[in-house]
Every structure is written in structure tokens, then in C-alpha cells.
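S.K.: Predicted model follows, preceded by the sequence.
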Amino acid sequence: MKWEFQDGLPIWQQLYETLRREISTGGYAPGSKMPAVRELAAQAGVNPNTMQRALSQLESDGLLITNRTAGRTVTEDSQTLQQVRRELAQRQVQTYLQQMALLGYTAGEAAQLLIQEKEETP
């Protein structure tokens, strides 16, 4: 996984969003064991406390489950995973529509452009 950070958002929140996307799209399979905090922190080049904060938020969201003896695992609750995936998709749609509005397109025109693009792209 590639870790990219941008100015303007706290690092832990960017870690959280990246891991949330990876979990909800199957990058970490349901029921699979998550790497240890220190391992993930080393991969991302961040402080383990920063990674811990992101993982704690994922636990609060129900995406990760902590087993004291086995570490963290990804939830197997398909409904939770689908809900998060849908939220991420809705956010992308909202961003698209906002950007198209800045270009002077209505929501209907923006949707039509998507349809045309899909039809023209193999």
C-alpha cells in the first residue's frame, strides 16, 4: 500500500481514511489479521502513537476487532463493510458534482457526461 500525506489534514486522519478505504474494498480481507501497530507505522513512516490513533478510530467504527491474544482482525460484518464502501462512494459523487457545478454544469448534465464517457470508453 502506498502512503501519501497531504497538508491540511492531521496525519492520523489520513491514515484512518487510507486504512478505511483498504478495509472496505477488500485490501484487507474480512476476518484477516491486521499487521501490528509498529509494523504499519514503519510502513507508513509515522510514529506508532499516530498509527494507534487511526486504528482506534477504525475499532470505534466497527471495522476492526481487537482480540487481546490474537491482535486486531478485520470485521467479517459484510453490512458494515458495504455501508463504509457506500459512504466513500457518496463522498466521491458529492465531490464530482461540486467540481462540475464550478464548471457550470447541473447535476443532470454531469450525470449525462458520466454516461457518455462510460459508453465511449471500452
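M.R.: Thanks, I have the structure now. A quick note: this is a predicted structure, and the numbers were derived from the prediction, not measured. Numbers count the residues shown, from 1 in each chain.
S.K.: What's the per-residue pLDDT of the residue nearest to the spatial centre of the chain here?
M.R.: Residue closest to the average C-alpha location in the chain (C-alpha atoms, centre = their mean): residue 21, at 2.1 Å. Looking at residue 21, its pLDDT reads 95.
S.K.: how close does it sit to residue 70?
M.R.: 24 Å (C-beta to C-beta, to the nearest Å). No exception for glycine: its C-beta is placed from N, CA and C like everyone else's.
S.K.: show me where this protein has strands.
M.R.: Residue ranges of the strands in the chain, as given by DSSP state E, are 64-67, 71-74.
S.K.: Show me the longest helix that occurs in the protein.
M.R.: The longest helix of the chain (DSSP state H) is helix 78-102.
S.K.: Report the buried residues of it.
M.R.: 80, 81, 84, 85, 100 (16 or more other C-beta atoms under 10 Å).
S.K.: got it, and stretch 4-22?
M.R.: Within stretch 4-22, judged by 16+ other C-beta under 10 Å, the buried ones are 11, 12, 14, 15, 16, 18, 19, 20.
S.K.: distance of the fourth one from residue 113?
M.R.: The reference is to residue 15. Per C-beta to C-beta, residue 15 is found 34 Å from residue 113.
S.K.: The fifth one now?
M.R.: Distance from residue 16 to residue 113, counting by C-beta to C-beta: 32 Å.
S.K.: do the third one as well
M.R.: Note on residue 14: its distance to residue 113, by C-beta to C-beta, is 30 Å.
S.K.: Kindly report the same for the first one.
M.R.: Using C-beta to C-beta, we find residue 11 at a distance of 35 Å from residue 113.
S.K.: if you compare the strands of the chain, which one is most tucked away?
M.R.: Of all the strands of the chain, strand 71-74 carries the top mean neighbour count, a mean of 18, counting by mean count of other C-beta atoms under 10 Å.
S.K.: Can you give the contact residues for that one?
M.R.: Applying C-beta atoms under 8 Å, 6 or more residues apart in numbering, the external contacts of strand 71-74 come out as 23, 28-34, 36, 55, 59, 63-67.
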